[in-house]
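**Q** okay, here's the prediction I keep looking at, along with the sequence it came from:
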Amino acid sequence: MTQTYCFSVQAEACPAALPRVLDVFALYGSVPDQCYTQRAGSGGEELVIEVQMSDIDADAADRIARRLHRVVSVQGVLWSAKSLHA
């Protein structure tokens, strides 16, 4: 059974938000399995960034989530684990 960690990041829709968020994963030596970004809010003022990772453990996922909270323009971070049966 493989664990995949899913991160949902809500940020201000500024040009630097996406690279700042992805840089956190790079700092931990990780490459996301999937990344999806969408503008949200009534005027498109928010950016929702969905990232999935399978090459990390629960401790690393927690550290990444805590670091994401400190990124400039990030307004919220949710994360969870899902199990994939082989």
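**A** Cool, the structure landed.
**Q** give me the below-cutoff pLDDT ranges for the protein.
**A** Scanning the chain with the threshold set as pLDDT under 70 gives 1, 84-86.
**Q** if we go to 50?
**A** Filtered on pLDDT under 50, the chain yields no residues whatsoever.
**Q** helices of that one, start to end?
**A** Residue ranges of the helices in the chain, as given by DSSP state H, are 17-27, 58-69.
**Q** just the CA coordinates for the first one, please, in CSV.
**A** What it means is helix 17-27. Extracted in CSV, the C-alpha atoms of helix 17-27 (Å, rounded to 0.1, in the frame of the first residue of the first chain):
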residue,chain,number,x,y,z
ALA,A,17,2.5,32.7,-5.6
LEU,A,18,2.8,29.5,-7.7
PRO,A,19,6.7,29.5,-7.8
ARG,A,20,6.9,30.3,-4.1
VAL,A,21,4.7,27.3,-3.3
LEU,A,22,6.5,24.9,-5.6
ASP,A,23,9.8,26.1,-4.2
VAL,A,24,8.8,24.7,-0.8
PHE,A,25,8.7,21.2,-2.4
ALA,A,26,12.0,21.8,-4.1
LEU,A,27,13.6,22.8,-0.7
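**Q** helix 58-69 and that one, what's the angle between them?
**A** Angle, helix 17-27 to helix 58-69, by axes from the mean of the first three to the mean of the last three Cα atoms, to 10 degrees: 150 degrees.
**Q** what residues are bridge-paired with Ala40?
**A** Beta-bridge pairing of Ala40 under DSSP bridges involves Glu46.
**Q** need the helices of the chain in JSON lines with distance to Gln10, can you?
**A** Quick note: C-beta positions are derived from backbone N, CA and C, even for glycine. Formatted as JSON lines, the helices of the chain follow (distance: least, Cβ to Cβ, whole Å):
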{"stretch": "helix 17-27", "distance to Gln10": "10"}
{"stretch": "helix 58-69", "distance to Gln10": "10"}
